[in-house]
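Need a 3D model of the sequence below.
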Amino acid sequence: MIQLHDVDLKLLRVFATIVRCGGFSAAQAALNAGQSTISEQMTHLETRLGVKLCQRGRSGFRLTEQGVAIHEATQRLLSAVENFCMDADVLKQHISGKLNLGIIDTTITDPDSPIPRTTQRFVSRGHDVHLNVYVGTPAELEERVLDGRLHLAIGHFPIHVPGLQHTPLYQEALGLYCGRRHPLYGSLAEGEELLEEVKSGRIVVRGYMQQYDLEHLGVSKAAATVDNIEATAILIISGAYVGFLPEHFAAQWVKNGDMHQLAPASLRLKSPFDVITRRGTAPPPILQAFLEDLSASARKTGNG
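Numbering: from 1, shown residues only. Below is the predicted model:
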């Protein structure tokens, strides 16, 4: 029994093209090869199969009886290969199973977030995908990815924890805000003048970004520390504190007058969002598929 190899499949494709074109000369353009090369390939195929496939010469090109049979078998084989490739592509796109995803809070209002587009793209791969979404603090997300409760997490992770793979995703715009009842409400002060006034009041910072927030305000300590954005907004709206908030999240309160953005030209920050996964393990297909869709959505956003 003849054992087919990759080179045989290639030669059979050459043979099928020659028959389709009606001869060696006519097949040169389709195969992007000279007549001598094509002739050598056919001789090699005939040697491999042990039969004469065609007659060529002054009388023209024609298949032998064995050549007709081999051509019919070749057509069936190439059709089967093509169907296999199509089925494999479908299976590649059809992902099933459970994906455990972690996200920090208040990303829903961010137009630059690739998460909604990624989710739509991902679930369209198949009907057997089940998403478990956990919203937590960066520390909680890191812990859950490390112990395997989450496949991945998306958020601010300023300290790279050993055992985690960090991949930059996009950046979030932050502004400094105060509430309606704060003495700085409506202030147009900028630069050192504003910073001196901010230092004399109460500052709220995110615990996981504390150093980042304090350095940009030129102060050494805060009056309040929180572990999520919503808690920051509550203290700012009270009128007792100033602090950084994502601009997309604060926009609703700025619009109705409950908040005021201070020095938007000089105190506008960019905070990086990363994807974290566990190091040292090959990602399961469902995670690999989500990461591919996440990367594609981030590139489309253009804020990576």
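
Helix, strand, or coil at residue 17?
helix (DSSP: H, G, I helix; E, B strand; the rest coil).

check contacts around it.
Contacts for residue 17 (C-beta atoms under 8 Å, 6 or more residues apart in numbering) come out as 27, 30, 31. To be clear about C-beta, it is placed using only N, CA and C from the backbone, and glycine gets the same treatment.

which residue sits closest to the first one in space, ignoring its chain neighbours?
Pointing back at residue 27 there. Closest residue to residue 27 apart from its sequence neighbours, by C-beta to C-beta, 6 or more residues apart in numbering: residue 21 at 4.0 Å.

which of the contacts of residue 17 count as buried?
27, 31 (16 or more other C-beta atoms under 10 Å).

Go through the contacts of residue 17 and name the one nearest residue 160.
residue 31 (53.1 Å; C-beta to C-beta).

what separates the closest residue to that closest one other than its chain neighbours from residue 29, distance-wise?
Once flanking residues are discounted, residue 31 sits nearest to residue 17: 5.7 Å by C-beta to C-beta, 6+ apart. From residue 17 across to residue 29, the span is 10 Å (C-beta to C-beta, to the nearest Å).

Equivalent analysis for residue 121, please.
According to C-beta to C-beta, residue 121 and residue 29 sit 40 Å apart.

Ok, residue 66 next?
Taking C-beta to C-beta, one finds residue 66 at 27 Å from residue 29.

in the stretch 151-300 of the chain, which ranges drop under the pLDDT threshold?
300 (pLDDT under 70).

how about the strands in it?
Shown for the stretch 151-300 of the chain, the strands assigned by DSSP state E, counting those that start in this stretch span residues 152-155, 164-179, 203-206, 224-226, 242-246, 259-262, 269-278.

buried stuff in the last one?
Meaning strand 269-278. Applying 16+ other C-beta under 10 Å to strand 269-278 flags 269, 271, 273, 274, 275, 276, 277, 278 as buried.

want to throw the residues you listed into CSV with distance to residue 245?
Output for those, formatted as CSV (distance: C-beta to C-beta, whole Å):
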residue, distance to residue 245
269, 11
271, 11
273, 15
274, 20
275, 23
276, 23
277, 28
278, 31
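
and which of these is nearest residue 12?
Closest to residue 12, out of all of these and judged by C-beta to C-beta, is residue 277, at 43.1 Å.

Just give the nearest non-adjacent residue to residue 107, would you?
residue 113 (5.1 Å).

likewise residue 41?
Using C-beta to C-beta, 6+ apart, the closest residue to residue 41 is residue 14 (5.0 Å).

That neighbour sits in which helix or strand?
Following DSSP states H and E, one finds residue 14 within helix 6-21.

returning to what we had before: quick one: pLDDT of the residue nearest to residue 27?
Looking at residue 21, its pLDDT reads 90.

And for the one 5 residues further on?
What the model reports as pLDDT for residue 26 is 88.

so when I look at it, I'm seeing a helix, right?
Yes - under three-state DSSP, residue 26 sits within a helix.

Residue 60 versus that one, what's the distance?
11 Å.

more neighbours, residue 121 and residue 29?
residue 121 (18 against 9; other C-beta atoms under 10 Å).

Doesn't that one belong to a helix?
Yes - Residue 121 forms part of a helix when assessed by three-state DSSP.

who's more crowded, residue 26 and residue 60?
residue 26 (13 against 9).

I'd guessed residue 238 sits against residue 181; true?
Yes - contact criterion C-beta atoms under 8 Å: residue 238 and residue 181 qualify, at 7.5 Å.

Who are the contact partners of the closest residue to residue 219 other than its chain neighbours?
Nearest non-adjacent residue to residue 219, counting by C-beta to C-beta, 6+ apart: residue 199, 5.4 Å away. Contact analysis of residue 199 by C-beta under 8 Å, 6+ apart lists 217, 218, 219.

Residue 165 and residue 277 touch, don't they?
Yes - between residue 165 and residue 277 there is a contact under C-beta under 8 Å: 4.9 Å.

And the helices in the chain?
6-21, 24-31, 35-49, 65-93, 115-123, 138-146, 191-199, 210-217, 229-237, 247-256, 285-301 (DSSP state H).

Just want the angle from the first one to helix 35-49.
The directions of helix 6-21 and helix 35-49 differ by 120 degrees, with axes from the mean of the first three to the mean of the last three C-alpha atoms, to 10 degrees as the criterion.

who touches stretch 224-240?
104-106, 137, 139, 177-182, 185, 202-208, 210, 241-246, 249-250, 253, 258-259.

so how far is the first residue of stretch 112-129 from its last?
One end of stretch 112-129 to the other measures 25 Å (C-alpha to C-alpha, to the nearest Å).
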